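S.K.: Whatever this is, show me its structure:
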Amino acid sequence: MDKKELLVVKDLHINVGEKEILHGVNLNIGENETHVLMGPNGTGKSTLGYAISGNPNYEVTGGRIIFKGEDIAELAVNERAKKGIFLSFQNPLEVPGVTLSAFIRSALEQKTGQRIRLWDFKKKLKETMALLSMDESYAERDLNVGFSGGEKKKAEILQMLMLEPELAILDETDSGLDVDAVRTVSNGIKIYKERCMGSLLIITHSTKILEALTVDETHIMHEGVIVKTGDASLVDEVNSKGFESLEI
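M.R.: Modelled structure (predicted):
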């Protein structure tokens with residue numbers, strides 16, 4: 001039986017300013033699938049994540065981004081989030097004056113279009129923070145202000161688990177984390193897959209974060225184009241031989 005497509009990227013061209021970064025990217029992600037995107041630094045991997053999520057600095061100059069059967073290339077970032085797209089940033093922003101708890105509650109209410117009872121929200125937030133071994137006091141701290149790198153990444157995984165997106169794009173979520181933090185984040189991603197049955201696009205250089213996951217497809221990006229696609233064994237091939245061995 002053919003897989004049911006969740007995201008279809010067709011011949012996507014992206015400009016940042018006057019410079020074209022993506023030169024015709026094609027990518028299909030089915031429902032409840034895990035895809036890994038790898039490639040040398042500066043080849044456009046993060047650009048693809050930003051383009052899918054709707055960052056206005058990344059201009060679509062050609063091609064289509066189809067999510068759940070709808071072309072979303074012209075939709076604003078908040079509209080794409082409401083439809084079920086989540087992006088975990090490589091370097092999460094600090095937001096003084098807005099607590100982590102208030103930020104997540106506001107995002108949930110925007111997504112659902114309904115007010116959420118404070119008691120119900122706090123109960124779910126407490127349970128989810130426990131899954132990530134997060135101190136409950138972080139809920140009332142300003143978003144990412146004074147957080148370590150690991151704490152920022154945990155906060156992003158917490159947001160993902162609370163928002164339950166249909167597509168989560170994780171951009172170098174394991175970057176700069178120690179072994180324990182990588183394990184916690186990896187466990188959070190596994191919980192997302194088990195609870196939400198959502199799809200993942202994981203942009204990474206490391207494979208530690210993938211150890212608890214079943215990878216459906218691996219994509220190699222080079223100079224703004226996906227040049228090779230394979231199964232999970234392609235990750236092992238890159239690890240053992242490097243990108244230069246792939247004849248790209």
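
S.K.: neighbours around residue 151, how many?
M.R.: 18 (other CB atoms under 10 Å). Every residue, glycine included, has its C-beta placed from N, CA and C.

S.K.: Go ahead and confirm it touches residue 137.
M.R.: No: taking contacts as CB atoms under 8 Å, residue 151 lies outside contact range of residue 137: 11.3 Å.

S.K.: per-residue pLDDT, the most centrally placed residue in the chain?
M.R.: In the chain, the C-alpha nearest the mean C-alpha coordinate belongs to residue 169, at 1.7 Å (CA atoms, centre = their mean). Confidence at residue 169, expressed as pLDDT, is 96.

S.K.: Identify the bridge partners of it.
M.R.: residue 87, residue 201 (DSSP bridges).

S.K.: if I look at it, how far off is residue 46?
M.R.: Taking CB to CB, to the nearest Å as the criterion, residue 169 is separated from residue 46 by 10 Å.

S.K.: Next: residue 144.
M.R.: In terms of CB to CB, residue 144 sits 18 Å off from residue 46.

S.K.: Please identify every residue contacting each of residue 169 and residue 46.
M.R.: Counting by CB atoms under 8 Å, 6 or more residues apart in numbering, the common neighbours of residue 169 and residue 46 are residue 203.

S.K.: List the contacts of residue 125.
M.R.: Counted by CB under 8 Å, 6+ apart, residue 125 has contacts 101, 104, 139, 158, 162.

S.K.: which one of these sits closest to residue 40?
M.R.: residue 158 (31.0 Å; CB to CB).

S.K.: doesn't residue 104 make contact with the closest one?
M.R.: Yes: contact criterion CB under 8 Å: residue 158 and residue 104 qualify, at 7.3 Å.

S.K.: mind listing the strands in the protein by residue range?
M.R.: 5-16, 19-30, 34-38, 59-67, 70-71, 85-88, 95-99, 142-143, 167-171, 199-203, 217-222, 225-230 (DSSP state E).

S.K.: strands paired with the fifth one, and their directions?
M.R.: By that I understand strand 70-71. Checking strand 70-71 against DSSP bridges gives partners strand 59-67 (antiparallel).

S.K.: same question, the second one
M.R.: Take DSSP bridges as the rule and strand 19-30 pairs in its sheet with strand 5-16 (antiparallel).

S.K.: Spatially nearest residue to residue 180 (excluding sequence neighbours)?
M.R.: Leaving aside its chain neighbours, residue 180 sits nearest to residue 150 (7.9 Å; criterion: CB to CB, 6 or more residues apart in numbering).

S.K.: count of residues packed around the one you found?
M.R.: For residue 150, the neighbour count with other CB under 10 Å is 16.

S.K.: And residue 130, by the same measure?
M.R.: With other CB under 10 Å as criterion, residue 130 counts 10.

S.K.: Same question for residue 105.
M.R.: If you count neighbours by other CB under 10 Å, residue 105 ends up with 19.

S.K.: Show me what stretch 214-223 is in contact with.
M.R.: 23, 25, 27, 30, 33-40, 43-45, 48, 226-232, 234-235, 238, 243, 246, 248.

S.K.: what do you get if the cut-off is 6 Å, keeping everything else the same?
M.R.: 33-39, 43-45, 226-230, 232, 234-235, 248 (CB atoms under 6 Å, 6 or more residues apart in numbering).

S.K.: Perfect, I'm done here.
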